[in-house]
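1. All I have is the shape, not the residue letters:
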């Protein structure tokens with residue numbers, strides 16, 4: 001059978017495409033929010049409840065999907081979740097009230113969450129530690145690329161918002177088309193008939209977990225959950241994402257509305273937001289390259305991630321300046337710097353998890369950590385919804401300015417990068 005050169009990067013490319021579709025589907029509502037709110041008679045508080053419903057479902061699904069993917073594997077697990085969220089996206093086209101739209105978002109959240117534990121587990125199976133942050137940054141860039149192209153694509157598909165149901169139908173159908181090549185391509189490295197001997201040997205040399213990891217073969221399901229929940233590093237990383245990911249969720253769910261309300265940007269002109277997500281694209285790759293540079297200089301991989309995250313933490317405090325920017329161009333520029341830094345941070349905090357936990361629990365642990373992320377997103381949605389209704393966006397931007405430095409200090413004080421297993425560099 002004919003082999004595929006650099007198969008691991010072809011697989012990362014498929015994860016990249018899945019992330020593009022994941023964020024395209026997610027962004028449709030936020031980009032068309034003003035039109036849909038008018039058509040369905042929804043207030044800003046209603047919109048906050050709907051987006052929170054998505055995140056609550058997303059949180060629950062993260063806890064379940066990670067363990068499910070650890071049990072059934074990446075191939076069928078990711079195919080299942082992409083199919084689910086694609087059908088849920090298409091269902092939005094028939095929403096006609098607060099209740100029906102809210103249920104569509106709940107179903108979407110239940111499906112979309114499975115993408116990230118599956119992708120992270122695929123990286124743990126196929127990618128060396130030196131390449132992990134870059135690989136995670138690459139497929140995460142798929143998410144930000146989806147958000148980058150969404151403003152132009154969604155506005156075009158919806159005819160400027162007047163035919164918003166069509167945008168949901170087309171983006172959902174694209175996800176169903178992705179499933180076919182994925183099922184043909186993906187296998188574990190040890191089982192794949194198309195991997196080259198050199199790549200198989202490289203992947204076989206990957207350290208699969210810290211040396212003190214438990215043997216999963218002698219654990220029941222409850223015991224496995226306890227092993228995940230008993231890990232201090234899992235809880236520290238959960239807090240780190242719970243504090244910082246709300247900044248990213250804000251730009252996904254609220255930034256277009258902020259520009260419409262406070263900057264008087266017309267619905268048809270919201271395509272300008274693509275440059276903000278372009279900065280996020282660049283941040284995904286830059287974060288992986290930065291920690292890889294530290295590793296090449298002899299840093300243990302967890303220490304390299306933390307050093308990179310420290311540099312990232314200096315830019316998000318610029319959020320405090322955003323509401324006072326005298327022009328739309330400066331406002332967009334500050335937003336670009338903030339999301340650039342956050343996506344550098346996200347690539348490294350995700351790679352740090354893969355570095356720290358045994359491979360058998362990667363998806364489960366990622367689901368737990370990412371659940372903390374969405375809890376932060378729910379709190380952000382409720383907070384911003386109330387602040388906007390009763391005051392303004394300014395207070396949120398001041399809060400957002402403090403979150404990354406605070407999270408880094410918590411991780412540093414918790415010594416998440418200091419473990420005897422990583423005192424010396426472990427190069428693959």
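-> Good, I have the coordinates. These numbers come from a predicted model, not from an experiment.
2. first to last residue in stretch 385-404, what's the distance?
-> 22 Å (Cα to Cα, to the nearest Å).
3. Buried residues, that stretch. List them.
-> 385, 387-388, 393, 395-397, 399-401, 403-404 (16 or more other Cβ atoms under 10 Å). C-beta here means a position set from N, CA and C on the backbone, and glycine is covered the same way.
4. now that stretch: how far from the chain's centre is it?
-> The chain centre lies 22 Å from the centre of stretch 385-404; the measure is Cα atoms, centre = their mean, to the nearest Å.
5. Quick one: mean pLDDT for it?
-> Taken as a whole, stretch 385-404 has a mean pLDDT of 87.
6. which residues are in contact with that stretch?
-> For stretch 385-404, contacts defined as Cβ atoms under 8 Å, 6 or more residues apart in numbering pick out 43-45, 47-49, 243-244, 246-247, 250, 254, 257-258, 261-262, 312-313, 316-320, 322-323, 338, 341-342, 345, 380, 383-384.
7. which residues touch residue 305?
-> Contacts of residue 305 (Cβ under 8 Å, 6+ apart): 133, 291, 348-349, 351-352, 355, 417.
8. now with 10 Å?
-> 132-133, 287, 290-291, 294-295, 299, 345, 347-356, 411, 416-417 (Cβ atoms under 10 Å, 6 or more residues apart in numbering).
9. among the residues you listed, which are in helices?
-> 132-133, 287, 290-291, 294-295, 345, 347-356, 411 (DSSP state H).
10. Point out where the stretch 51-200 of the chain drops to low pLDDT.
-> Where the stretch 51-200 of the chain drops to pLDDT under 70, the residues are 160-162.
11. cool, the stretch 301-428 of the chain as well?
-> Applying pLDDT under 70 to the stretch 301-428 of the chain flags residues 418-428.
12. again, only this time at 90
-> Applying pLDDT under 90 to the stretch 301-428 of the chain flags residues 301-304, 328-329, 347, 350-368, 370-393, 395, 415-428.
13. Spell out the residue ranges of the strands in it.
-> For the stretch 301-428 of the chain, strands defined by DSSP state E, counting those that start in this stretch do not occur.
14. quick one, phi psi at residue 298?
-> phi 100, psi 0 (degrees, to the nearest 10).
15. you'd agree it is up against residue 130?
-> No - contact criterion Cβ atoms under 10 Å: residue 298 and residue 130 do not qualify, at 11.8 Å.
16. quick one, which of the two is more surrounded?
-> residue 130 (16 against 11; other Cβ atoms under 10 Å).
17. just checking, that one touches residue 297?
-> No - with contact defined as Cβ under 10 Å, residue 130 does not count as touching residue 297 (11.6 Å).
18. joint contacts of these two?
-> residue 304.
19. excluding its backbone neighbours, what's nearest residue 122?
-> residue 74 (4.8 Å; Cβ to Cβ, 6 or more residues apart in numbering).
20. Could you report the neighbour count for that neighbour?
-> Neighbour tally, residue 74, other Cβ under 10 Å: 26.
21. Now for it: which residues touch it?
-> Residue 74 neighbours (Cβ under 10 Å, 6+ apart): 11, 15, 117-126, 182, 186-188, 363.
22. Buried only: go through those for me.
-> 11, 15, 117-126, 182, 186-187, 363.
23. Go through the residues you listed and flag which are in helices.
-> Using DSSP H, the buried ones among the contacts of residue 74 in helices are 11, 15, 117-126, 182, 363.
24. Specify which member of the residues you listed is nearest to residue 152.
-> Among these, residue 15 lies closest to residue 152 (Cβ to Cβ), at 23.5 Å.
25. What are the neighbouring residues in contact with that closest one?
-> Going by Cβ under 10 Å, 6+ apart, residue 15 touches 74, 78, 115-116, 118-120, 122-123, 126, 135-136, 138-140, 142, 182, 186.
26. And it, how far from residue 79?
-> 13 Å (Cβ to Cβ, to the nearest Å).
27. Show me the common contact partners of the two, please.
-> With Cβ under 10 Å, 6+ apart, residue 15 and residue 79 have common neighbours 118, 182, 186.
28. between those, which is closest to residue 306?
-> Among these, and counting by Cβ to Cβ, the member closest to residue 306 is residue 118, at 25.9 Å.
29. Distance of the closest one relative to residue 39?
-> Distance from residue 118 to residue 39, by Cβ to Cβ: 35 Å.
30. per-residue confidence averaged over stretch 269-282?
-> Here the average pLDDT along stretch 269-282 is 82.
31. Just give me how far that stretch sits from the chain centre.
-> Put simply, stretch 269-282 sits 16 Å off its chain's centre (Cα atoms, centre = their mean).
32. residue boundaries of the helices in the stretch 201-350 of the chain?
-> 221-229, 232-253, 255-262, 274-296, 301-312, 328-356 (DSSP state H, counting those that start in this stretch).
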